[in-house]
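Q: here's a sequence, model it:
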Amino acid sequence: MGTAVFGPGGERVVAMTLVSYPGQGRGDSDLDGEAVVCGPAGTMRYRVYGYAADRSGSRLTLDLDEETQSEGIYLGTAKGRWDGADLRLFGPGGVSDSAVPDPPPVTVTLRRTVDEAVAGACG
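A: Below is the predicted model:
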């Protein structure tokens, strides 16, 4: 769980759960999960799937598919690095905006937490 600044409205809470299913997740992905972003316009929910570039999972690519299908700024494909405690996701492909053709890159650092904290991330 962490925070990120993208789009109008300032800082947003980002929470994500990931489960490892090497080669058995969505589209034969290694990772599967969900994410929520809590912002001024409400809660945005995502399905998450991705691939680890190495056995330790220290480098990965995640695809975040927005379930709420709203207009505006949303997370998309992100590259990431995991050090065993923190997951750092970064753009430029990490954020998309339906109204802005080239949104600025965003970096999100997620810290390991418990499932209850993720479930209650948006209050």
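Q: how about the strands in this protein?
A: Using DSSP state E, the strands assigned to the chain run over residues 2-5, 11-20, 31-39, 42-52, 59-66, 73-75, 77-82, 86-90, 95-97, 107-111.
Q: avg pLDDT for the fourth one?
A: By that I understand strand 42-52. Across strand 42-52, the average pLDDT comes to 86.
Q: list the buried residues in that strand.
A: 44, 46, 48-52 (16 or more other Cβ atoms under 10 Å). Bear in mind the C-beta positions are built from the backbone N, C-alpha and C, glycine included.
Q: next, the angle from it to strand 59-66.
A: If you take axes from the mean of the first three to the mean of the last three Cα atoms, to 10 degrees, strand 42-52 sits at 140 degrees to strand 59-66.
Q: and the contacts of strand 42-52?
A: 16, 18, 22, 25-27, 29-37, 59-68, 70, 74-75, 80, 122 (Cβ atoms under 8 Å, 6 or more residues apart in numbering).
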